[in-house]
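here is a sequence together with a model predicted from it:
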Amino acid sequence: MEIVRSQRKPADAAVAPALSLYRSAPALEVRLEDFELYAIDRLRVLQGISDGLSRGKKPQEMEKLVSELWRAHMRHQDPSEEMNKDIISHFVLRLVYCRTEDLRKWFLSMETSLFRYRFRLESPESQRLLMSEFQLPYKAINHAEFETVKDKLNQVARSTGPSSNAEALFFKVPFEEVPELVAGRRVFMLKGFAYVAMNQVVSLVATQFRSNLSKALVLTNRKWTSTIRDKEKNRLTPIVEALSTGYLGPDYSQPKEFSEISLKDIDRLASSSFPLCMRHLFDKLRENHHLKHGGRMQLGLFLKAVGLKLEDALAFWKSEFSQKVGAERFDKEYSYSIRHNYGKEGKRTDYTPYACHKIISSTPSVGDHHGCPYRHFSEENLRAALGKMGVGGRSLDDILDKVRSRHYQVACTLTFEAVHAASCDSGINHPNQYFEASQKILQTTRQATS
Ligand code: SF4
């Protein structure tokens, strides 16, 4: 795949199947903007899948979610370009996600899920075509063999529900190649072989897809470290490196919807609409009249983005810090960094508030209060903090389950839902998104009751 800055040339018109197997990088010329934009769109789909899976959505719900995500992000105004977008975005993300074991694991798992659900949406003819493209070494059983096992196949079909059909085409497959069908007792087994119905072949192709992609990612990583990274250090490398850590949601660098908050409201807003990370910092600041640098940055930029004006921010921080270090020392040592955050000092850059991924991957030391409580608190402290927000019972158990499986943002989303008694389908990706969504709900409730 060659990347150029020029206008795109017409793509190779070779007919491709609707669902690609991504066997080799296409010989397409891609504009640098598309290289990044397509990858971001695909990433939104993969992140949506990751969110759906970690929320425990059922296969049918996932099928619906995947087709909605695909429709929302992977369409192209020129339908003939859709296939190219699919293939290009996949190969760009291979570069992005080949670089560490963790990145490979996540990408492999999300791409395989995406493939699995897209395969299910294909017609039986396309599914057969894809199977033959994979060159799977399985043959359909012949009529004579079918007759000898027909009763057993019927038994399994009856026990696995109405969608199974014992009259369908069956493939004889070594049982270890379809572990999920075996574990779910959804296939008849005989002498080390599983009899896989046509409507179950998704397991076979998904296993094959995963194995091919896993090998390809290792090879891509070798190429990346040996040549591409240095060769592209001024052009693709910065994009590739930013894509695996980048925040893809709205820009919260400037206050928007609830664009001004005043000092007199800040305690009320902290308890009604701050996410746990900010609520914790806020409480610690009120309690100790001090926060270390990491905490000042995390809370300070958040407050700026929710609409606290510079003069109010200076007054707010001063009223707390002066109780500990005195007003004079505050003016000398701390007010500069607050003005700096608002772009009034130094390079005069308007600094952007931190997104969840940045807060979650921070490493607070002893005495620090920044970070994400779902990631950095002990279970006991998290329980207590959630209890203070009024979260208990089943909701609390669900949240702690998500934390144990390291789905911190999902845990935060569940907290939001429990506190506001409303769903948050987009999931929480940014503390300022939490604040805005909370304010919207509270405002609607106020209007309805006034
Ligand atoms: Fe804050 Fe995000 Fe963690 Fe929620 S998930 S507590 S918003 S960092």
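On my side now, so go ahead. Numbering: from 1, shown residues only.

which residue ranges of the stretch 1-150 of the chain form strands?
Secondary structure of the stretch 1-150 of the chain by DSSP state E, counting those that start in this stretch: the strands cover 2-4, 29-31.

I'd like to know how far the most centrally placed residue in the chain sits from residue 202.
Residue closest to the mean C-alpha point of the chain, counted by Cα atoms, centre = their mean, is residue 47 at 2.8 Å. Distance, residue 47 to residue 202, by Cβ to Cβ, to the nearest Å: 23 Å. Just so you know, the C-beta spots here come from the backbone N, C-alpha and C atoms, and that holds for glycine as well.

cool, and residue 134?
Applying Cβ to Cβ, the value for residue 134 to residue 202 is 12 Å.

pick out whichever of those two has more residues nearby.
Using other Cβ atoms under 10 Å, the more surrounded residue of residue 134 and residue 202 is residue 202, with 23 against 17.

the more buried one touches residue 120, doesn't it?
Yes: proximity of residue 202 to residue 120 meets the contact threshold set by Cβ atoms under 8 Å, at 5.8 Å.

in the stretch 1-150 of the chain, which residue sits nearest the ligand?
Closest approach between the stretch 1-150 of the chain and the ligand, counting by Cβ to the nearest ligand atom: residue 51, at 12.2 Å.

neighbours of residue 86, how many?
Neighbours of residue 86 (other Cβ under 10 Å): 22.

shouldn't it be in contact with residue 20?
Yes: using Cβ under 8 Å, residue 86 is in contact with residue 20, at 6.0 Å.

can you report how many residues neighbour the nearest residue to residue 295 once chain neighbours are set aside?
Excluding the flanking residues, the one nearest residue 295 by Cβ to Cβ, 6 or more residues apart in numbering is residue 370, at 4.4 Å. By the criterion of other Cβ under 10 Å, residue 370 has 24 neighbours.

wait, residue 370 touches residue 360, no?
No: counting by Cβ under 8 Å, residue 370 stays clear of residue 360, with 11.1 Å between them.

can you list the residues of the stretch 151-300 of the chain near the ligand?
Contact residues, the stretch 151-300 of the chain versus the ligand (Cβ under 6 Å from any ligand atom): 275, 276, 277.

which members of these occur in helices, if any?
276, 277 (DSSP state H).

got a winner among the residues of the stretch 151-300 of the chain next to the ligand for most neighbours?
Highest neighbour count within those: residue 277, with 29 neighbours (other Cβ under 10 Å).

that one: what's it in contact with?
Counting by Cβ atoms under 8 Å, 6 or more residues apart in numbering, residue 277 touches 298, 359, 370, 371, 372, 373, 431.

from the residues you listed, pick the one nearest residue 76.
Relative to residue 76, the closest of these is residue 431; by Cβ to Cβ it sits at 33.2 Å.

the closest one: neighbour count?
Residue 431 has 28 neighbours, counted by other Cβ under 10 Å.

out of everything not next to it in sequence, what's closest to it?
Leaving aside its sequence neighbours, residue 431 sits nearest to residue 275 (Cβ to Cβ, 6+ apart; 4.8 Å).

where do the strands of the stretch 351-450 of the chain begin and end?
In the stretch 351-450 of the chain, no strands are defined using DSSP E, counting those that start in this stretch.

contact distance from the ligand - what residues of it qualify?
356, 359, 360, 372, 373, 374, 408, 409, 412, 428, 431, 434.

ok, the fifth one - contacts?
Neighbour list for residue 373: 276, 277, 280, 381, 382, 385 [criterion: Cβ under 8 Å, 6+ apart].

setting aside sequence neighbours, what's the nearest residue to it?
Using Cβ to Cβ, 6+ apart and skipping residues adjacent in sequence, the residue nearest residue 373 is residue 276, 4.7 Å away.

ok, back up a step: let's have the contacts of residue 373 in a markdown table, adding pLDDT.
Shown next, in a markdown table, are those (pLDDT from 0 to 100):
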| residue | pLDDT |
| --- | --- |
| 276 | 98 |
| 277 | 98 |
| 280 | 98 |
| 381 | 97 |
| 382 | 98 |
| 385 | 97 |
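
could you identify the most distant pair in these?
The most widely separated members of these, counting by Cβ to Cβ, are 277 and 381 (13.1 Å).

poorly predicted segments of the stretch 151-300 of the chain, please.
In the predicted model, the stretch 151-300 of the chain carries pLDDT under 70 at residues 160-168, 245-250, 254-259.

which residues of it fall in strands?
Secondary structure of the stretch 151-300 of the chain (DSSP E, counting those that start in this stretch): strands at 170-174, 188-190, 193-197.

which residues are in contact with the first one?
By Cβ under 8 Å, 6+ apart, the residues outside strand 170-174 that reach it are 138-141, 145-146, 153, 192-198, 201, 204.

gap between it and the chain center?
Once both centres are worked out by Cα atoms, centre = their mean, to the nearest Å, strand 170-174 turns out to sit 35 Å from its chain's centre.

do the same with the shortest one
When C-alpha coordinates are averaged (Cα atoms, centre = their mean), strand 188-190 and its chain have centres 38 Å apart.

tell me which residues in it are buried?
residue 188 (16 or more other Cβ atoms under 10 Å).

pretty sure residue 61 contacts residue 55?
No: Residue 61 lies out of contact with residue 55 (Cβ under 8 Å); the separation is 9.1 Å.

show me what the mean pLDDT comes to for stretch 131-148.
When pLDDT is averaged along stretch 131-148, the result is 85.

ugh, typo on my part, it should be stretch 98-117
Stretch 98-117 carries an average pLDDT of 92.

contacts for that stretch?
Stretch 98-117 has contacts (Cβ under 8 Å, 6+ apart) with 19, 45-46, 49-50, 53, 62-63, 66-67, 90, 93-94, 96-97, 202, 205-206, 209-210, 213-214, 217-218, 220-221, 224-225, 244.

could you dump it to PDB, C-alpha only?
Taking Å, rounded to 0.1, in the frame of the first residue of the first chain, the C-alpha atoms of stretch 98-117 are listed here in PDB:
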ATOM      1  CA  CYS A  98       1.400  -4.500  15.500                       C
ATOM      2  CA  ARG A  99       3.800  -2.800  17.700                       C
ATOM      3  CA  THR A 100       3.300  -4.300  21.200                       C
ATOM      4  CA  GLU A 101       1.900  -7.600  22.500                       C
ATOM      5  CA  ASP A 102      -1.000  -5.800  24.200                       C
ATOM      6  CA  LEU A 103      -1.900  -3.800  21.100                       C
ATOM      7  CA  ARG A 104      -1.700  -7.000  18.900                       C
ATOM      8  CA  LYS A 105      -3.900  -8.900  21.400                       C
ATOM      9  CA  TRP A 106      -6.600  -6.200  21.400                       C
ATOM     10  CA  PHE A 107      -6.600  -5.700  17.600                       C
ATOM     11  CA  LEU A 108      -6.700  -9.400  16.900                       C
ATOM     12  CA  SER A 109      -9.600  -9.900  19.200                       C
ATOM     13  CA  MET A 110     -11.700  -7.000  17.900                       C
ATOM     14  CA  GLU A 111     -10.900  -7.600  14.200                       C
ATOM     15  CA  THR A 112     -11.900 -11.300  14.700                       C
ATOM     16  CA  SER A 113     -15.200 -10.300  16.300                       C
ATOM     17  CA  LEU A 114     -15.800  -7.800  13.600                       C
ATOM     18  CA  PHE A 115     -15.100 -10.500  11.000                       C
ATOM     19  CA  ARG A 116     -17.300 -13.000  12.700                       C
ATOM     20  CA  TYR A 117     -20.300 -10.700  12.800                       C
END
